[in-house]
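> coords please:
(one chain, ligands or ions: 2)
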Amino acid sequence: SLPRSDHQVVAVAARELSRAREFAQKHGIPRAYGSYQELAEDPNVEVAYIGTQNPQHKATVLMCLAAGKAVLCEKPMGVNAAEVREMVAEARSRGLFLMEGLWTRFFPATEALKSVLAQGTLGDLRAARAEMGFVIALPRLTDWAQAGGAVLDLGIYCVQFISMVFGGQRPEKISAVARVHETGVDDTVSVLLQYPGGVQGSFTCSISSKLSNAASVSGTKDRAEVSPTWAPVELVVNNDRKEFPCSLGSKEIYNFIHSPGMIYEAMHVRKCLRKGKGVEDTGRSKPGRGCLAARHPFHSGSYGNYISQDVLGHPSAYSM
Ligand SMILES: NC(=O)C1=CN([C@@H]2O[C@H](COP(=O)(O)OP(=O)(O)OC[C@H]3O[C@@H](n4cnc5c(N)ncnc54)[C@H](OP(=O)(O)O)[C@@H]3O)[C@@H](O)[C@H]2O)C=CC1
Ligand SMILES: O=C1OC[C@@H](O)[C@H](O)[C@H]1O
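Numbers count the residues shown, from 1 in each chain. Ligands and ions are numbered 1, 2, ... in the order given. The predicted structure follows:
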């Protein structure tokens with residue numbers, strides 16, 4: 001979907017070469033590999049996009065970093081804070097770019113919301129609310145061994161929204177309640193986040209029930225809402241509704257809605273690499289090829305531990 005002068009998919013890898021070849025043929029990709037290692041070692045690959053399942057993210061990220069690649073890893077980058085810290089440390093030590101694929105951040109509707117917030121249109125912010133839930137029949141979601149569960153797969157979109165609207169502040173207190181799936185993963189979770197000055201964030205995520213799938217922020221003057229939470233194509237401020245269609249003329253049939261919106265994060269990666277500077281992680285930017293770990297409280301560990309402690313009654317194997 002993007003100009004070939006800017007982006008080219010030059011290789012694809014799978015654990016089975018036949019599957020990589022089939023995908024490469026279908027999408028006109030020049031090279032197919034039967035292992036991720038071979039792709040990581042391909043000198044024509046500048047950026048590795050990692051779309052394996054959650055438990056394989058870390059190993060594949062480290063493999064590609066070791067091969068000197070910039071890395072865009074699907075969300076959640078790690079299944080817990082320790083994994084994320086290890087990947088960020090490795091990227092930093094090698095001076096390489098690393099980004100978590102929270103594609104939501106780069107949608108035009110999100111950019112429009114950010115300018116509404118920057119203009120102070122809503123007044124002093126008081127509360128943010130996000131929901132993401134639907135009945136999803138994906139085996140990986142109910143499988144503990146695949147780091148399934150609502151919070152890791154869907155809750156992450158809610159947390160990143162709340163973190164974004166409150167400027168990346170860390171909440172002072174977190175509490176959570178949950179329905180636990182018979183496989184032991186979190187099925188439906190509601191979380192309350194208390195920020196300084198009585199400002200509040202709350203979200204519900206569910207892999208077994210349809211929720212509003214909208215995210216909103218309210219202030220002393222007005223309220224703004226984007227939807228759907230994870231791939232926003234609509235922004236409503238007061239009664240003013242703006243559409244940001246993202247079919248982008250693509251004729252592809254995708255597994256997940258608004259998938260053409262993946263181009264926005266790809267463009268962001270290119271922009272960062274061309275700027276050649278590390279992007280703010282803790283509020284400072286560094287000259288030279290740095291790394292970005294799209295940091296949000298979720299992966300700081302404390303929130304994840306609170307959530308998993310509250311939700312599952314014990315720090316789960318994959319608590320964030
Ligand atoms: N940004 C977004 O909108 C979305 C993001 N995601 C994220 O993308 C990632 C992949 O999700 P999805 O594509 O639904 O997952 P799939 O269940 O389709 O698995 C993706 C790939 O993981 C690879 N894989 C590597 N090791 C294993 C293993 N041990 N067991 C099974 N598969 C393995 C397989 O590749 P192969 O066998 O070919 O090597 C498989 O094709 C997740 O992290 C998810 O959070 C998912 C959907 C939407
Ligand atoms: O990232 C995602 O977005 C859409 C969901 O259906 C999917 O399970 C999730 O991984």
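> Distance from the helix or strand containing Lys26 to the middle of the chain?
For Lys26, the element it lies in under DSSP states H and E is helix 17-27. In terms of Cα atoms, centre = their mean, to the nearest Å, the centre of helix 17-27 is set 26 Å apart from its chain centre.
> what residues does it touch?
Val9, Ala11, Val12, Ala13, Ala14, Ile29, Pro30, Arg31, Ala32, Tyr33, Gly34 (Cβ atoms under 8 Å, 6 or more residues apart in numbering). Where C-beta positions appear, they are placed from N, C-alpha and C, glycine not excepted.
> Restricted to buried residues, select those in ChimeraX.
Per 16 or more other Cβ atoms under 10 Å, the buried members of the contacts of helix 17-27 correspond to this ChimeraX selection:
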select :9,11,12,13,14,29,31,32,33,34
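> any chance of the contacts of helix 17-27 in CSV, with distance to Met164, pLDDT and secondary structure too?
Shown next, in CSV, are the contacts of helix 17-27 (distance: Cβ to Cβ, whole Å; pLDDT from 0 to 100; DSSP: H, G, I helix; E, B strand; the rest coil):
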residue, distance to Met164, pLDDT, secondary structure
Val9, 29, 96, coil
Ala11, 33, 98, strand
Val12, 31, 98, strand
Ala13, 32, 98, strand
Ala14, 34, 98, coil
Ile29, 33, 97, coil
Pro30, 37, 97, coil
Arg31, 37, 98, strand
Ala32, 37, 98, strand
Tyr33, 36, 98, strand
Gly34, 39, 98, coil
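> How much space separates Val269 from ligand 1?
14 Å (Cβ to the nearest ligand atom, to the nearest Å).
> Tell me if I am right that Ala137 is in a strand.
No - applying DSSP: H, G, I helix; E, B strand; the rest coil, one finds Ala137 to be coil, outside a strand.
> Show me where the stretch 1-150 of the chain has its helices.
Counting by DSSP state H, counting those that start in this stretch, the segments of the stretch 1-150 of the chain that form helices are 17-27, 36-40, 57-66, 81-94, 108-118, 150.
> my bad, the stretch 151-300 of the chain
Under DSSP H, counting those that start in this stretch, the stretch 151-300 of the chain gives helices at 156-165, 262-275.
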